[in-house]
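A.B. asks: Fold the following for me, if possible:
(2 chains)
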Amino acid sequence: MATVATHQTGGHAHDPNELDYLAAKGFKSWALTLDHKRIGIMYLVAVLMSFALGGVLALLVRLELFTTGHTIMSAAQYNKVFTMHGVVMVFLFIIPSIPAAMGNIFLPIMLGTKDVAFPKLNLASFYIYCFGACFGLYALLHGGVDTGWTFYTPYSSKFSETPVIPMIFAAFVMGFSSILTGVNFIATVHKMRAPGLNWRRLPLFVWSMYATSIIQVLATPVLAITLFLLIFERAFGLGIFDPSMGGDPVLFQHFFWFYSHPAVYIMIVPGMGVVSELICTFSRRAPFGYMFIAMSSLGLALLGFLVWGHHLFVAGMSEYATMVFSGLTFLVGIPSGVKVFNWVTTLYKGSISLESPMLYGLGFIFLFTIGGLTGLFLAMLAVDVHLHDTYFVVAHFHYVMVGGTVIAFIGGLHYWWPKFTGKMYNERMAQVAFGLVFVGFNVTFLTQFVLGSRGMPRRYYDYLPEFQSLHQVSTMGSWLLGAGFLVMLVMFIQSLTSGKKAPRNPWGSAALEWQTPTPIPFHNFLEQPVITRGPYDYHLATEEELAHD
Amino acid sequence: MFLQPLIDAVEPVSSTVQMPAAMSEGAESIDWLFYGIYWFSVVFIVGITGAMLYFVWKYRRRPGVSAAPTKDHTGLELFWTILPLGMCVVMFHVSYKTYITNAIAAENSMEIRVRGQRWSWSFQYPNGESEPTQLWLPIGKPIRLIMSSSDVLHSFYVPAFRLKKDTVPGMYSQIAFTPNKLGDAQIYCAEYCGAGAAEGSGGHYSMLGQVKIVTAEEFEKHMKEISKMPDGMTPDKWGQELYVKNNCATCHSVDGSAGTGPTFKGVYGRKETLTTGQQVEVDDNYIRESILRPQAKIVKGFETGNMPPFVFTDEKIEALIAYLKTVK
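C.D. replies: Numbers count the residues shown, from 1 in each chain, chains lettered A, B, ... in the order given. Prediction:
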């Protein structure tokens, strides 16, 4: 890394388009680009728009639950709104969020290479995502789907009167986009690393992308097959999930969760990768237990395939099957715990500064720990039978998905923003937004743990009066959360329109992506970097490398 | 939680901050596990967050002070891999043992059939009598519920027993427990099952019911009551009561408005065209058949209704016929 050209050296002049990947203008320069950074930006815009849509739907759900009975919508509308919230957030936002947006922009740079292994495939995966999203929007504009994002049969196959097939087809198509990104990243990590960048010097973000890609490639085809069967079931009465034709509705749940549980790790493992970067950069210290953090990502990827049955603890599986899945589910706690312990120990004897990305990094550790520990409640069979399908589960997975992945995604966005936009943002506003998001999130979802353990089932349009005060607190929390995201939106727009020019390395990081100039050159580096140390070896980095400019 | 033994069997049964009242033997063992893991988690979170905040403060960035280079420590890594593994083994063992102990039905259990249908529950007692919405149980008697669904997935959930199980079309599922407190317990549906298109026509959220835990004498008395017409009532009035109690109104209106099934307004004696094209007159025998075997002769235009069969005694069917004659 010592030989990275950080300043323009030598006498030969560069084409301006070579010096800034954002320099080329015009629709075609974006629509037909093969540059991984531009594809990443297009993904980022798409997932942020999806996040806004899903967020508005979430606020509507919370608003409806502010009072018992009818508040702003009917039961049938409520069912559609919470289903669309889930579908949009899972398939359009959170699965592509970190891998397809940030992974695309930074994975090749972190590897010291010009692009991903298959740039055309990369662009194709973006268009496949858009194609799938169009079907989702079609279903949304035709009133939305009311099956829940899990599409359980026989409700989805025989009973629902909403446009289920376009919605399932959307998820089916977007799966291919996910598979192609995964294939691309695996090939890139294996074959495109810069000279000297061995596996022990890979950034932890790259390790997490690698683990995620393996899951995407292995698990997503199962979802495709399942959704394909469901389309046939609904359109032609295939009967594979229909008991009156010798099928089994519970089989659908096995198929569905065989993908969708690993998908949970497609969502959270990238978040862990981002947080590893944040913790190291802002404590100026190499991670404690680097190999353990890296291997725990792979461990989670593997274990993720073995625990789908815990979604079926009360669905009518045999007592012995539940025993096996309960035991395996506990094992997930081990690599998750290893990560948390290593992050906290990394802080020990560090040189810690609390800029906004680090606030998200530390927030992640707190929220993810709560999300992980409440997972233990649900792994315990006897306790799960009471908590299954209640608000406790809703709170648990929001702590992992929002408190974990979304917080990491937003933290990563703050962290890498100066590098890929070339602009700084208002740090004070960023901290205010963090405060609102952090407090709002906890108010919204801590209350839901209590709602759930007291017996409030999920997906209820109306509820008994005894639950009203907790629901109201939760709804007010959602307003704080929404306000936080609004402040953040204003802050980022302000940064784009009038932000200060970002220096090369505003955080003083030793990692490779901060060594290349800002704005990022079209080919990522002006000269081929040769890696001589790890990305976190602050004691080996030169002062010039750690300097802001 | 600590007060629980002192207020045993005093009504109303008290709840704790995070858990509703426990009304079965198994429920108390689950509360013990829940609060055990809860306090374990609290200690863990306070420890992790405390260490994190302490390090952030203690090692805050200062000019001239740089971070110490990281030295890996395999012993520490093994420590925090193996210790949690051991804890997980213990938690798994205790929770599975509790689960399986609660799942096994006692030899002398009373078997009751539970049927879920959109959006109500019905219960059939060992004597063949059935009733909707309310499940009466004698205190102290081991109970085994054998459950099924007539349409989509549902989940029979009673927080006071800490029990739930999905009801699946084409399959029987079961739960076992022994109620040990007198009083009412709430029944919910915990597996999403949709909602009617019209406002107020019901849905997943309204698929509720009550467990009524009573003494053995009261239970016997209730069993006698539900099988016969209450004293001083006429058959058409009893039929109207059955219409309300069995949630017939979810699909069949009495004011002529459209629903999932044909309206009951003027139904008796009406000429209907079936899906087969055949014409029938709605008479006593047609009504009887439509209650016991709803799919036998479906009125054209109501193919998707999917009404489940209702197991009623002759007396109840006759009362319903008497009531339908009065709906004009």
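
A.B. asks: going forward, measure contacts and count neighbours with C-alpha atoms only.
C.D. replies: Fine.

A.B. asks: which regions of chain B sit below the pLDDT cut-off?
C.D. replies: B:1-13, B:305 (pLDDT under 70).

A.B. asks: What ranges does it have for its helices?
C.D. replies: Applying DSSP state H to chain B gives helices spanning B:25-58, B:74-103, B:216-227, B:235-245, B:284-292, B:314-326.

A.B. asks: just so I know, which of these lies nearest chain A?
C.D. replies: Chain A sits nearest to helix B:74-103 of all the helices of chain B, at 4.4 Å, using CA to the nearest CA.

A.B. asks: what number of residues lie near A:V450?
C.D. replies: 19 (other CA atoms under 10 Å in any protein chain shown).

A.B. asks: For chain B, what's the nearest residue on the stretch 201-350 of chain A?
C.D. replies: Counting by CA to the nearest CA, the stretch 201-350 of chain A gets nearest chain B through A:G350, at 4.3 Å.

A.B. asks: correct me, but that residue touches B:A68?
C.D. replies: Yes - assessed by CA atoms under 8 Å, A:G350 is found in contact with B:A68 at 6.3 Å.

A.B. asks: Any regions of chain A where pLDDT drops low?
C.D. replies: A:1-14.

A.B. asks: pull the longest helix from it.
C.D. replies: helix A:249-283.

A.B. asks: buried sites along the helix or strand just after it?
C.D. replies: Sequence-wise, the next helix or strand downstream of helix A:249-283 (DSSP states H and E) is helix A:290-303. Across helix A:290-303, burial judged by 16 or more other CA atoms under 10 Å in any protein chain shown covers A:290, A:292-303.

A.B. asks: Pull the residues that contact helix A:290-303.
C.D. replies: Defining contact as CA atoms under 8 Å, 6 or more residues apart in numbering or on different chains, one finds that helix A:290-303 is touched by A:200, A:204, A:207-208, A:211-212, A:214-215, A:262, A:265, A:269, A:328, A:331-332, A:335-336, A:338-339, A:342, B:77.

A.B. asks: which other helices and strands contact the helix or strand that it is followed by?
C.D. replies: The C-terminal neighbour of helix A:290-303 among helices and strands, as given by DSSP H and E, is helix A:319-347. In terms of contacts (3 or more CA pairs under 8 Å, 6 or more residues apart in numbering or on different chains; DSSP states H and E), helix A:319-347 is packed against helix A:249-283, helix A:290-303, helix A:356-379, helix A:381-387, helix B:25-58, helix B:74-103.

A.B. asks: A:E319: which of the ones you listed is closest?
C.D. replies: Distance to A:E319, taken as CA to CA, is lowest for helix B:74-103 among these, at 7.5 Å.

A.B. asks: Might you report the residue contacts of the residue in the stretch 201-328 of chain B that chain A sits nearest to?
C.D. replies: As assessed by CA to the nearest CA, chain A sits closest to B:Y205 within the stretch 201-328 of chain B, at 4.7 Å. B:Y205 makes contact with A:459-463, B:189, according to CA under 8 Å, 6+ apart.

A.B. asks: And for A:H523?
C.D. replies: Going by CA under 8 Å, 6+ apart, A:H523 touches A:18, A:21, A:114-115.

A.B. asks: now that we have those, which one has the most neighbours?
C.D. replies: A:D115 (24 neighbours).

A.B. asks: Checking the closest residue to that one other than its chain neighbours next. Helix, strand or coil?
C.D. replies: Nearest non-adjacent residue to A:D115, counting by CA to CA, 6 or more residues apart in numbering or on different chains: A:P108, 5.5 Å away. Following DSSP: H, G, I helix; E, B strand; the rest coil, the label given to A:P108 is helix.

A.B. asks: how close does A:P108 sit to A:R193?
C.D. replies: According to CA to CA, to the nearest Å, A:P108 stands 8 Å off from A:R193.

A.B. asks: Now the common contact residues for those two.
C.D. replies: The contact lists of A:P108 and A:R193 share no entry, where a contact means CA under 8 Å, 6+ apart.

A.B. asks: the more surrounded of those two?
C.D. replies: For A:P108 versus A:R193, the count of surrounding residues by other CA under 10 Å is larger for A:P108: 25 against 21.

A.B. asks: Great, nothing more from me.
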